[in-house]
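**Q** What follows is a predicted structure for the sequence shown.
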Amino acid sequence: MSFLSRVMVLKSKAHFSASTIGGADHAAFDGARKKRASQAKSRVGLLIFGFVCFYGVIGGRLVQYGLAQQETVSSIAPADRLMASRPDLLDRNGEVLATDIRTVSLFAEPHRIVDVDEAIEKLRTVLPDLDTRGTYQKLTSSSRFQWLRRQLTPKQQSQILALGIPGIGFRPEKRRFYPGGPTAAHVIGHVNIDNRGVAGMERYLDSQGLADLTALGMTSDQPLEPVKLSIDLRVQAIVREVVVNAIQKFQAIGAGAVVINVHTGEILAMASLPDYDPNNPAEGAKEGWLNRMSNGTFEMGSTFKSFTIAMGLDEGGINLGSTFDARFPIRIGGFTIKDFHGKGRVLSVPEIFQYSSNIGTAKIADTVGTEGHKEFLTRLGLLSKMQTELPEVAMPTQPRQWKKINSITISFGHGVSTTPLQTAIAGAALVNGGKLIEPTFLPRTVEQADLVAKQVIKPTTSRDMRFLFEWNGVNGSGRNARVEGFNVGGKTGTADKVVNGRYVHDKNFNAFLSAFPMEKPEYVVLSFIDEPKTDKGNGAALAGSSAAPMVHDIIARSAAILGVKPKFGKDGSALLVSY
């Protein structure tokens with residue numbers, strides 16, 4: 001075989017060998033690719049299966065929560081109770097004193113909280129004052145429901161929603177809102193966190209059946225008829241401002257005032273300080289909750305001489321022309337009764353009233369006797385618990401056994417403690433013709449008042465008392481309460497307070513009982529101020545310079561609002577009344 005032939009044969013063999021080897025390599029590569037594809041498909045399948053299982057678990061839990069929702073809701077108060085409405089409170093002119101506004105409250109379902117620490121940390125970004133320890137205990141408890149914060153603002157709700165915390169939710173509620181803040185706090189009262197009346201007329205509403213309706217779920221979102229009160233918000237604002245100014249001026253520990261319609265018993269305004277804002281009542285819990293006008297008892301001092309003299313005129317056989325010897329102190333039971341501003345002479349009844357004679361008043365009480373004295377004060381409602389809508393009413397205190405010494409000291413206002421409000425109500429009976437009318441914080445007509453009125457003194461006695469009130473207003477301690485054109489009359493009372501069982505002279509409880517216009521009284525105004533100091537801060541101020549000016553300011557600013565027209569003579573001077 002030639003060389004070329006051999007070369008051709010060798011090339012042919014080499015080509016066959018290369019083809020055989022290349023085919024084998026290609027087959028091996030194709031097998032590996034198929035294997036990798038199979039493995040990828042397995043991995044994708046496992047991944048899909050994992051996602052299906054994961055979301056299946058989530059879906060199952062959501063279904064479980066959805067089925068358990070009814071049980072969770074039933075673990076707290078029903079929604080209708082949370083949404084229970086209260087009627088609006090209005091003043092006598094229709095101005096809103098209290099109303100319901102919609103709000104939401106934040107709650108948690110501890111069994112749904114994933115990370116307690118994280119949840120608290122997020123909540124504190126919106127509610128920085130949140131109690132961390134208390135909240136942690138709530139969120140780790142075994143209960144299915146916990147309140148976290150009641151009555152949130154819309155902004156707070158929006159911010160908490162944006163946090164996206166699982167297990168946190170909101171419940172719609174009603175919140176009581178008082179547009180006037182503390183203006184009429186002790187009259188209106190306030191509600192608790194569950195919208196239930198706690199004090200004042202709010203509590204009165206619940207006692208009249210509102211609480212029962214709420215418990216039955218019959219007040220949910222129903223428009224309730226507003227309740228109108230006797231209060232005139234304009235006069236109320238004036239009275240409170242005058243009381244605030246008096247406390248500041250005299251650095252007193254308390255003060256108050258009230259305006260009453262003498263023919264109906266309606267309370268037009270009543271303020272007692274310290275007070276509080278019913279929108280946030282907890283801040284006033286220490287001092288502000290005490291309504292000193294109706295729920296505080298005090299020795300009313302010489303204002304009681306009005307009742308003692310009325311008693312003598314009505315039952316003791318004396319008249320305005322009677323005279324009593326006030327030259328010498330009265331000594332009885334180891335005590336000495338003397339006059340603070342003694343004249344050292346015989347005094348007529350008007351002079352006893354004008355000079356506030358303890359000796360003369362004690363002798364007038366003696367013309368009636370101890371038992372008659374006690375009966376008369378009881379008849380005027382000064383020794384029994386006052387009946388009115390306001391729940392906060394204190395029981396007066398009196399001696400267990402009345403002796404002559406008790407009758408003497410009580411005649412000028414020591415020995416019996418009563419509330420300023422019932423003192424004002426008894427004062428109204430002295431000037432309205434002799435009718436005792438229970439006070440009311442609801443509107444009342446004269447005809448309705450006559451149905452509950454009790455004749456406690458003679459009309460002639462009432463006429464004489466009107467004269468004495470005006471006499472003292474013009475000539476005596478009531479001069480600082482006079483308002484030009486409105487003929488204000490009244491009686492001051494400066495009572496030493498008891499400290500450690502003894503009367504002290506540097507701590508007074510001052511009051512002024514007044515009425516206007518004295519020719520035909522329409523309103524009684526009583527003011528008091530507890531432990532006032534003089535303008536210079538040294539010593540106690542007297543009623544004529546502290547309580548009487550309060551009455552002047554109230555009447556000067558509110559008489560026109562109350563519809564009382566001033567009367568002047570032809571020369572422009574105020575008219576005096578002849579009796």
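**A** Now that the structure is in, tell me what you want to look at.
**Q** Report the buried residues of the host helix or strand of Asn406.
**A** Element membership of Asn406, judged by DSSP states H and E, is helix 404-411. Buried residues in helix 404-411, counted by 16 or more other Cβ atoms under 10 Å: Ile405, Asn406, Ser407, Ile408, Thr409, Ile410, Ser411. Any C-beta I mention is one placed from the backbone N, CA and C, and that applies to glycine too.
**Q** of all these, which comes closest to Phe177?
**A** Distance to Phe177, by Cβ to Cβ, is smallest for Ile410 among these, at 45.6 Å.
**Q** Please report the distance of that closest one from Gln398.
**A** Applying Cβ to Cβ, to the nearest Å, one obtains 8 Å for the distance of Ile410 from Gln398.
**Q** Mutual contacts of the two, please.
**A** Common contacts of Ile410 and Gln398, defined by Cβ atoms under 8 Å, 6 or more residues apart in numbering, comprise Val416.
**Q** what about the helix holding Asn406, distance to the chain center?
**A** Using Cα atoms, centre = their mean, to the nearest Å, we find the averaged C-alpha position of helix 404-411 to lie 37 Å away from the chain's own average C-alpha position.
**Q** any idea of the mean pLDDT in it?
**A** Regarding helix 404-411, the rounded mean pLDDT is 95.
**Q** So which elements touch the helix or strand that comes right after that helix?
**A** If you walk from helix 404-411 toward the C-terminus, the next helix or strand you reach (DSSP H and E) is helix 420-431. With contacts taken as 3 or more Cβ pairs under 8 Å, 6 or more residues apart in numbering; DSSP states H and E, helix 420-431 sits against strand 254-261, helix 304-315, strand 435-436, helix 459-475, strand 502-516, strand 523-530.
**Q** ok, how many other residues are close to the nearest residue to Pro396 once chain neighbours are set aside?
**A** Counting by Cβ to Cβ, 6 or more residues apart in numbering, the nearest residue to Pro396 once its immediate chain neighbours are dropped is Thr418, at 4.1 Å. Using other Cβ atoms under 10 Å, Thr418 has 26 neighbouring residues.
**Q** same question, Lys338
**A** The number of residues packed around Lys338, counting by other Cβ under 10 Å, is 13.
**Q** I'd like the distance between Thr323 and Thr336.
**A** The separation that Thr323 has from Thr336, given Cβ to Cβ, amounts to 22 Å.
**Q** the more surrounded of those two?
**A** Taking other Cβ under 10 Å, Thr323 and Thr336 do not tie; Thr323 has more neighbours (14 against 8).
**Q** can I assume the more buried one is in contact with Leu347?
**A** Yes - taking Cβ atoms under 8 Å as the definition, Thr323 is a contact partner of Leu347 at 6.6 Å.
**Q** you'd agree Phe376 is up against Thr367?
**A** No - under the criterion of Cβ under 8 Å, Phe376 makes no contact with Thr367, lying 11.9 Å away.
**Q** give me the low-pLDDT residue ranges for the stretch 201-350 of the chain?
**A** Across the stretch 201-350 of the chain, the stretches falling below the confidence threshold (pLDDT under 70) are 211-223.
**Q** likewise the chain?
**A** Under the criterion pLDDT under 70, the flagged ranges of the chain are 1-40, 60-84, 211-223, 535-539, 569-579.
**Q** Ala285: how many residues sit nearby?
**A** Neighbour count of Ala285, defined by other Cβ under 10 Å: 9.
**Q** Look up how far His186 lies from it.
**A** The span separating Ala285 from His186 equals 14 Å under the rule Cβ to Cβ.
**Q** what does Lys174 give?
**A** On the measure of Cβ to Cβ, Lys174 and His186 end up 23 Å apart.
**Q** who has more neighbours, those two?
**A** For Lys174 versus His186, the count of surrounding residues by other Cβ under 10 Å is larger for His186: 29 against 22.
**Q** Now the more buried one: closest residue in space that isn't a chain neighbour?
**A** Sequence neighbours aside, Asn291 is the residue nearest to His186 in space, at 4.1 Å (criterion: Cβ to Cβ, 6+ apart).
**Q** try Phe469
**A** Among residues not flanking Phe469 along the chain, Gly489 sits closest, at 3.3 Å (Cβ to Cβ, 6+ apart).
**Q** what residues are up against Leu152?
**A** Contacts here follow Cβ under 8 Å, 6+ apart; on that basis Leu152 touches Thr103, Val104, Ser105, Leu106, Ile160, Phe170.
**Q** if I look at Ile332, how far off is Val96?
**A** Using Cβ to Cβ, one gets 57 Å for the distance from Ile332 to Val96.
**Q** Ignore what I typed, I meant Ala449.
**A** Distance from Ala449 to Val96, by Cβ to Cβ: 26 Å.
**Q** for the helix or strand containing Thr378, which positions count as buried?
**A** Per DSSP H and E, Thr378 falls inside helix 370-379. Neighbour-count burial for helix 370-379, counted by 16+ other Cβ under 10 Å, picks out Thr370, His373, Lys374, Phe376, Leu377, Arg379.
**Q** and what of stretch 434-451?
**A** Going by neighbour count (16+ other Cβ under 10 Å), the buried part of stretch 434-451 is Gly434, Lys435, Leu436, Ile437, Glu438, Pro439, Thr440, Phe441, Leu442, Arg444, Ala449.
**Q** Quick one: distance of stretch 453-467 to the chain centre.
**A** Distance, centroid of stretch 453-467 to centroid of chain: 35 Å (Cα atoms, centre = their mean).
**Q** what about that stretch, how long is it end to end?
**A** Separation of the first and last residues of stretch 453-467 by Cα to Cα, to the nearest Å is 23 Å.
**Q** And the helices in the stretch 1-150 of the chain, which stretches?
**A** Listed in chain order, the helices found in the stretch 1-150 of the chain under DSSP state H, counting those that start in this stretch are 3-73, 79-82, 116-126, 132-139.
**Q** For the third one, name the packing helices and strands.
**A** Judged by 3+ Cβ pairs under 8 Å, 6+ apart, helix 116-126 is in contact with helix 132-139, helix 154-163.
**Q** so Ala326 touches Phe340, yeah?
**A** No - counting by Cβ under 8 Å, no contact exists between Ala326 and Phe340, whose distance comes to 11.9 Å.
**Q** Return the residues in contact with the residue nearest to Met311 when sequence neighbours are not counted.
**A** For Met311, the nearest residue in space outside its immediate sequence neighbours is Phe376; the separation is 4.4 Å by Cβ to Cβ, 6+ apart. Under the criterion of Cβ under 8 Å, 6+ apart, the contact partners of Phe376 comprise Phe307, Met311, Asp314, Glu315, Val368.
**Q** now do 7 Å
**A** Phe376 makes contact with Met311, Glu315, Val368, according to Cβ atoms under 7 Å, 6 or more residues apart in numbering.
**Q** Next, find the distance separating Gln354 from Lys305.
**A** The gap separating Gln354 from Lys305 is 11 Å, by Cβ to Cβ.
**Q** Looking only at neighbour counts, state which of those two leads.
**A** Neighbours per residue, other Cβ under 10 Å: of Gln354 and Lys305, the larger number sits with Lys305, 28 against 21.
**Q** Could you check how far that one is from Gly381?
**A** The separation that Lys305 has from Gly381, given Cβ to Cβ, amounts to 18 Å.
**Q** How about Glu241?
**A** Distance of Glu241 to Gly381, given as Cβ to Cβ: 30 Å.
**Q** If you count surrounding residues, which of the two has more?
**A** The residue with more neighbours, out of Glu241 and Gly381 and counting by other Cβ under 10 Å, is Gly381; that gives 23 against 15.
**Q** The more buried one and Gln422 touch, don't they?
**A** Yes - the criterion here is Cβ atoms under 7 Å, and Gly381 meets it with Gln422 at 5.7 Å.
**Q** If anything else comes up later, I'll come back, but that's it for now.
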